[in-house]
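**Student:** A structural model of the following input is requested.
(chains A, B and C)
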Amino acid sequence: MMMDNLLELTKLITPATLVPLFPLMGFLIIALFGKQLNHVSGWLASAMILVSFSLTCYLFLNLPDNKDLNFELWQWMKWGNVTLSFGFLIDHLSLIMMLVITGIGFLIHLYSIGYMHHDEGFSRFFSYLNLFIFFMLLLVMGNSYLIMFIGWEGVGLASYLLIGFWFKNDAYNDAAKKAFIMNRIGDLGFLLAMFFMLFYFGGLDYLTINEAASGIELGSMLITAITLLLFVGAMGKSAQIPLYTWLPDAMAGPTPVSALIHAATMVTAGIYMIARSNILFAMAPHTMDVVMWVGVATSIFAAVIGMKQNDIKKVLAYSTVSQLGLMFAALGMGAFESGMFHVVTHAFFKALLFLGAGSVIHAMSGEQDIRNMGGLAKSIRITWGTFLIGTLAISGIFPFSGFFSKDEILANAYNGHTLVWILLSISSMITAFYMFRLFFLTFSKGFRGTEEQKSHLHESPWTMTVPLLVLSIFAVLAGFWGLPAVLSDNHMFANYLAPIFAESKHILTLHAHLDHPTEWMLMGIATLAALISIGLAYHFYIKSNLLPESDDETKGITKWVANKFYVDEIYDKVFVRPIMLLSDLFYVLVDKLIIDLLVMATAWIVGFTGRTMRLVQTGNTGLYLFLMVIGMMVFMFIQLVY
Amino acid sequence: MSSQLIFFILAALSILSALFVVFSKNPIYSVIWLIVCFFSIAGHYIILNAQFLAIVHIIVYAGAIMVLMLFTVMLLNLNKATEPHKPLLYKFAAMISGGLMLLVLLASMRSTELGSYNAPAYTESGYVQNVGMVLFTEFLLPFEMTSVLFIAAMIGAVVLAKKEVH
Amino acid sequence: MESNILQANPQNWYLVLSTILFSIGVMGVLMRRNALIILMCIELMLNSVNLLLVSFSAYAGNSEGQVFVFFIMVVAAAEVAVGLALLVSIYRNLATTDIDVLSKLKW
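**Tutor:** Numbering: from 1, shown residues only, chains lettered A, B, ... in the order given. Sure thing, here's the model as predicted:
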């Protein structure tokens, strides 16, 4: 029996199952022996991710064409004719996500060894990071919504732990709680969607759902409800309006966390989820419109806020929200592969930008306000160079990766949704503007910090610069994976993902492809717009030597923008305060008055009865005997009479 | 008629001795009268042809239990009429209760339908062989269980009666 | 041994006799204050029941009743052993066997 079980277990060990197993092992080992391992734990954690990455590469290279690896590990629950099992689905979509997660994850682990070197929670940090990678892999590898949900919740937990990593600071703890609660609202949507699917489709794995979904009417109430609920989940995780406010606050965590979780991987989980459910979404045109417009609105809104932020990480956070909005807009237009393409390129250049920002903060001894920086180009050359590449990539300058993915989305928008195209182009312009504003203020002109900071300026150790260099290479080259039709007739990325989206493409009747002159024109417009923005930024911050004014000097509309349109305050007034009031009310009315009264009354009745009834106990044995005999007689008499 | 005579003599003896047990002032006398009562009950067993039980009854009750009682009386120096009397009212109430009990029991007995079996001329149910057959076949497990009961009682008695060492 | 004894004495006689013995036992338990006497009265009550069981067994020609009597004796022996031990222990602590003194178990 025992041997059988062991044999059963060994069958489960395949390259695919080992991928998430190594980070889990890393987490367990570091969590248990972190104190003893001390600084070894960083290397151990990185090694675990490297192994996972190699296994993923092996899978990537050895996966047969158009053949998915879908296997059940064990049956989890069964009732009626519903069976929920624990299984993995390795197809092209999950492989891309796995490559991004383990690849960028490894680089960020390596970077963290240098960045977190002086932190007392060094090994704790790496155990959380490994835990995050484990759950993220579970999220993308699962073959059912259930497994995805486990990963979904797990990354939420890891994110919470890492945002509140420096838990001695109350503000950071509040940020962690905010992220967790905001995500909870989204999770509720996801959960409800799962219940709907379980109830109406009788299962949660993708195959069952997709089969069942293709059997129902296009745009029916049910499918719209399910997809909308799923999108609510995505809104929470991927920080879309109205659930985006947690992401900028999440920058309280260490910078590598911001790079890994809150830029490259976790926040793209919502996009992955929609891409995974592409058939469901294709069946619900109304939801697609909602997704698109929420994406567009978020993209512009966050970009506008990003213009007036002075914290280096906050700027990047808002740019992340904005880029995520761009991806959702792509998904909403039915351009799933373009959205995924931007996920990948964004993962590279945004991780690069965050790590660069981390390097800057490291050099500035913890300073994050760009008003106190400036002129850093000379002191930290590698960071400067790589940051420039990242900035160019996000601004969409040829031939950096951001250009291709963004251009693809814009082309899709132009092809059918002209208004969306205009809005997204404006959003891209703003992005280019504030990114270069950030870049100029940080690296150009003279140093504006204190003398002490100036004396400490230094380039980061190799563990930090190597990831920067590797990421910058990818930030440049990743775009060539998906060259537009104009430059090459083989869009490798789209072709790779084509089998996943084939059916939904069939459902969605998309417009014909753009002709080449139009594509040239769009690329020209996009580049021109980006260049104008850069020029403006150059004019303001280099030529005119403008400096962002200090907080109390900000006036009028700019004050609104700098304060993020007071969204947090509005949420506080509209949701938090009433709930607080309501809970106070319930505390007084229900808890104090009703429940306490009931409990106290029960206790008093019991006590009173006890106090009264104990007087019966006289302790006189003779009396007891008498009573016993009389009782016996009474019983017998009753028996006689009846 | 002789068997009825024997029954009435034995019955009178047992009732009288039982009354003496209750009303003797000196506990020693009570013990002695109880032994007499047990002997008369053993006599009843014999005329009911239950020889085995009669012997066991004498050995266990008269031989063991009552000797134990006597020892206790001696050890505790209870062999004087030291017992303070209860109030007369109390005694009266006790007697009334006892009498009522008797009445109720007899009344319930009268109202109960007895088994309408014919009294056999001769019974062998009390023979050692027959009792032994039932005891060691049907009731073997309870019989063995009594040993556990005895061990428990033995340990309990030792623990309770032991002088506490402080 | 006379063979017609069972036919000569109706079983009711035994019922009445054991009832009387039982009531005397109950009366003794209620009337006396000495715990030892009370214990003896309980023995008396047990014996009256034994007598009843033996008579039923004899009149029904079934040995099982006598086996029950046997077990009752066993239990009585154990009970007396423990009861007397309790008595000795009480006497050692309070220097009396008067049950009216044992009135500590109250509010």
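**Student:** now do the nearest residue to B:Leu48 once chain neighbours are set aside against B:Asn49, distance only.
**Tutor:** The shortest distance from B:Leu48 to any residue other than its chain neighbours is 4.1 Å, reached at C:Ala58 (Cβ to Cβ, 6 or more residues apart in numbering or on different chains). The way it works is simple: take the backbone N, C-alpha and C, and place the C-beta from them, glycine included. C:Ala58 is 6 Å from B:Asn49, where distance means Cβ to Cβ, to the nearest Å.
**Student:** which neighbours do these two share?
**Tutor:** Residues touching both C:Ala58 and B:Asn49 (Cβ atoms under 8 Å, 6 or more residues apart in numbering or on different chains) are B:123, B:125-126.
**Student:** so what secondary structure elements neighbour the helix or strand hosting B:Phe92?
**Tutor:** In this assignment (DSSP states H and E), B:Phe92 forms part of helix B:88-111. On a contact count with 3 or more Cβ pairs under 8 Å, 6 or more residues apart in numbering or on different chains; DSSP states H and E, helix B:88-111 meets helix A:621-641, helix C:11-31.
**Student:** mind saving the C-alpha coords of the first one as CSV?
**Tutor:** Same thing as helix A:621-641. The C-alpha coordinates for helix A:621-641 follow below in CSV (Å, rounded to 0.1, in the frame of the first residue of the first chain):
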residue,chain,number,x,y,z
THR,A,621,-28.5,12.4,54.5
GLY,A,622,-31.5,11.2,56.5
LEU,A,623,-33.8,13.6,54.6
TYR,A,624,-32.4,12.4,51.3
LEU,A,625,-33.2,8.9,52.2
PHE,A,626,-36.7,9.8,53.2
LEU,A,627,-37.3,11.7,50.0
MET,A,628,-35.9,8.8,48.0
VAL,A,629,-38.3,6.3,49.6
ILE,A,630,-41.2,8.7,49.1
GLY,A,631,-40.3,9.1,45.5
MET,A,632,-40.2,5.4,45.0
MET,A,633,-43.6,5.1,46.5
VAL,A,634,-45.0,7.9,44.4
PHE,A,635,-43.7,6.1,41.3
MET,A,636,-45.2,2.9,42.3
PHE,A,637,-48.5,4.5,43.2
ILE,A,638,-48.7,6.2,39.9
GLN,A,639,-48.1,2.9,38.2
LEU,A,640,-50.8,1.3,40.3
VAL,A,641,-53.4,4.0,39.5
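**Student:** hang on, the earlier thing: how many degrees apart are the helix holding B:Phe92 and helix C:11-31 in direction?
**Tutor:** With axes from the mean of the first three to the mean of the last three Cα atoms, to 10 degrees as the basis, helix B:88-111 and helix C:11-31 are set at 160 degrees to each other.
**Student:** chain center to helix B:88-111: distance?
**Tutor:** Centroid separation for helix B:88-111 versus its chain: 20 Å, with Cα atoms, centre = their mean, to the nearest Å.
**Student:** does the helix or strand that it is followed by come close to chain C?
**Tutor:** For helix B:88-111, the succeeding helix or strand toward the C-terminus, using DSSP H and E, is helix B:128-137. Yes. Counting by Cβ under 8 Å from any Cβ of the partner chain, contacts between helix B:128-137 and chain C involve B:130-131, B:133-135.
**Student:** give me the buried subset of the residues you listed.
**Tutor:** Among the residues of helix B:128-137 next to chain C, the ones that count as buried by 16 or more other Cβ atoms under 10 Å in any protein chain shown are B:130-131, B:134-135.
**Student:** so for the helix holding B:Phe92, what gets flagged as buried?
**Tutor:** In helix B:88-111, counting by 16+ other Cβ under 10 Å, buried: B:94, B:97-98, B:100-102, B:104-105.
**Student:** mind putting those in JSON lines, distance to A:Ile430 included?
**Tutor:** Below are the buried residues of helix B:88-111 laid out as JSON lines (distance: Cβ to Cβ, whole Å):
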{"residue": "B:Ala94", "distance to A:Ile430": "106"}
{"residue": "B:Ser97", "distance to A:Ile430": "103"}
{"residue": "B:Gly98", "distance to A:Ile430": "107"}
{"residue": "B:Leu100", "distance to A:Ile430": "105"}
{"residue": "B:Met101", "distance to A:Ile430": "104"}
{"residue": "B:Leu102", "distance to A:Ile430": "109"}
{"residue": "B:Val104", "distance to A:Ile430": "103"}
{"residue": "B:Leu105", "distance to A:Ile430": "105"}
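**Student:** how about the residues of chain B near chain A?
**Tutor:** Chain B comes close to chain A at residues B:86, B:90, B:93-94, B:97, B:100-101, B:104-105, B:107-108, B:111, as judged by Cβ under 8 Å from any Cβ.
**Student:** with pLDDT added, can I get those in TSV?
**Tutor:** TSV is the format used below for the residues of chain B next to chain A (pLDDT from 0 to 100):
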residue	pLDDT
B:Lys86	63
B:Tyr90	79
B:Ala93	84
B:Ala94	84
B:Ser97	85
B:Leu100	86
B:Met101	86
B:Val104	85
B:Leu105	84
B:Ala107	83
B:Ser108	79
B:Ser111	76
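**Student:** nearest to chain C, of those?
**Tutor:** B:Ala94 (3.7 Å; Cβ to the nearest Cβ).
**Student:** wait, doesn't the closest one sit right on C:Arg33?
**Tutor:** No. Using Cβ atoms under 8 Å as the test, B:Ala94 is too far from C:Arg33 to be in contact (10.7 Å).
**Student:** ok, C:Asp100 to chain A distance?
**Tutor:** Using Cβ to the nearest Cβ, to the nearest Å, one obtains 6 Å as the distance from C:Asp100 to chain A.
**Student:** work out for me the element the nearest residue to A:Pro15 once chain neighbours are set aside sits within.
**Tutor:** Leaving aside its chain neighbours, A:Pro15 sits nearest to A:Leu55 (5.0 Å; criterion: Cβ to Cβ, 6+ apart). Using DSSP H and E, the element containing A:Leu55 is helix A:40-62.
**Student:** what helices or strands is that helix leaning on?
**Tutor:** In terms of contacts (3+ Cβ pairs under 8 Å, 6+ apart), helix A:40-62 is packed against helix A:15-37, helix A:92-115, helix A:122-141.
**Student:** would you turn the ones you listed into a markdown table with mean pLDDT and mean neighbour count?
**Tutor:** Shown next, in a markdown table, are the helices and strands packed on helix A:40-62 (pLDDT from 0 to 100; neighbours: other Cβ atoms under 10 Å in any protein chain shown):
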| stretch | mean pLDDT | mean neighbour count |
| --- | --- | --- |
| helix A:15-37 | 88 | 19 |
| helix A:92-115 | 91 | 25 |
| helix A:122-141 | 92 | 27 |
